[in-house]
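Q: Sequence and predicted model, in that order:
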Amino acid sequence: MTIVGFIGLGSMGMPMARNLLAKGFDVQGFDVRAASVAALAAEGARPAATAAAAAAGADALVLMVVNAAQAEQALFADGALAALPEGAAVILMATCPPGAVESLAARVEASGRRFVDAPVSGGVVGAVAGSLSIMAAAPAALVERVRPVLAAMGDKVFHVGERPGQGATVKTVNQLLCGVHIAVVAEAFALAAKVGVRLDILLEIMGGSAASSWMLKDRGPRMLQTDPEITSAVDIFVKDLGIVLEAGRDAKAALPLAAVAHQMFLATSGRGEGGMDDSQVIRSYHAVNGTR
């Protein structure tokens with residue numbers, strides 16, 4: 001595979017496309033924002049004026065869009081799938097509900113193209129560094145065929161299953177754990193704040209105890225800042241925990257902790273703070289507890 005179409009040049013998609021260029025792939029990039037297309041073209045990509053143009057002649061088409069609806073729009077309404085050569089692979093890397101991924105895969109494969117369900121974890125930092133974890137679900141031979149493309153964007157490529165939807169399920173579980181971990185750190189800090197314990201000292205103690213977690217060490221310091229740098233927004237977890245709950249509903253699995261965490265992220269977004277760093281879910285705890 002040498003020619004890669006790439007649709008979705010956002011905060012993660014742009015660095016992912018850049019890493020493909022750096023690894024020698026011929027990238028045809030498209031985004032609804034013409035400025036993003038021009039920026040990637042300045043670094044050596046072929047600018048695509050439409051989703052169909054990004055797919056034309058490509059060996060693989062990467063979709064790093066916001067959700068399943070945007071993937072469906074690009075593939076079917078905007079003509080990307082029809083422009084993609086038969087036998088080429090659609091690689092969906094966005095976080096989407098497992099059921100939606102299965103539906104998209106069936107329609108793609110019915111057209112004579114292949115489909116790889118390959119969501120990612122690692123955020124903008126991982127996208128820039130090329131250190132994303134990629135959870136690929138497709139027949140083993142197909143995963144091996146597209147592995148060079150995936151490996152250009154992530155240093156950990158896992159084959160998690162043979163069926164599209166299984167990668168989305170693994171990502172859903174990942175987001176359940178991440179969202180609940182962030183929320184429970186905020187809840188613990190809120191309790192300490194309510195009784196006047198210094199949160200910087202609490203963080204130092206908890207970070208070296210059995211109560212520690214990656215999220216505590218990463219998000220905890222940012223919870224102590226008024227307006228921290230944004231690495232992942234509150235609204236990302238509004239969306240992703242919504243996907244978690246949808247997956248739980250479809251599987252008839254009770255997910256009470258995910259539901260409560262979702263409500264706290266929703267409350268934060270509802271106050272107009274959805275664009276802030278996701279650590280700022282702590283603002284909802286401060287609001288209900290009357291702390292700062």
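A: Yes, it's here. Please read these numbers as outputs of a predicted model, since none were measured by experiment.
Q: which residues in the chain form helices?
A: 13-22, 34-41, 51-55, 68-72, 80-83, 98-110, 123-129, 140-151, 166-194, 199-207, 214-223, 234-251, 256-268, 282-289 (DSSP state H).
Q: Let me have the ones you listed in TSV, adding mean pLDDT as columns.
A: Below are the helices of the chain laid out as TSV (pLDDT from 0 to 100):
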stretch	mean pLDDT
helix 13-22	97
helix 34-41	97
helix 51-55	98
helix 68-72	96
helix 80-83	98
helix 98-110	96
helix 123-129	93
helix 140-151	97
helix 166-194	96
helix 199-207	96
helix 214-223	96
helix 234-251	95
helix 256-268	98
helix 282-289	96
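Q: quick one: which of these is nearest Gly5?
A: helix 51-55 (4.1 Å; Cβ to Cβ). In this view, the C-beta of every residue, glycine as well, is placed from N, C-alpha and C.
Q: Format the CA atom coordinates belonging to stretch 78-94 as PDB.
A: What follows is stretch 78-94, C-alpha atoms only, in PDB (Å, rounded to 0.1, in the frame of the first residue of the first chain):
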ATOM      1  CA  ASP A  78     -20.200  12.300  -0.600                       C
ATOM      2  CA  GLY A  79     -19.100   9.500  -2.800                       C
ATOM      3  CA  ALA A  80     -15.800   8.400  -1.200                       C
ATOM      4  CA  LEU A  81     -16.700   4.700  -1.300                       C
ATOM      5  CA  ALA A  82     -17.800   4.800  -4.900                       C
ATOM      6  CA  ALA A  83     -14.500   6.500  -5.800                       C
ATOM      7  CA  LEU A  84     -12.400   4.000  -3.900                       C
ATOM      8  CA  PRO A  85     -11.000   1.100  -6.100                       C
ATOM      9  CA  GLU A  86     -12.600  -2.300  -5.500                       C
ATOM     10  CA  GLY A  87     -10.500  -4.400  -3.100                       C
ATOM     11  CA  ALA A  88      -9.200  -1.300  -1.300                       C
ATOM     12  CA  ALA A  89      -9.600  -1.000   2.500                       C
ATOM     13  CA  VAL A  90     -11.600   1.500   4.400                       C
ATOM     14  CA  ILE A  91     -10.000   2.000   7.800                       C
ATOM     15  CA  LEU A  92     -12.300   3.600  10.300                       C
ATOM     16  CA  MET A  93     -10.300   5.100  13.200                       C
ATOM     17  CA  ALA A  94     -12.900   7.300  14.900                       C
END
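Q: I am finished for the moment; much appreciated.
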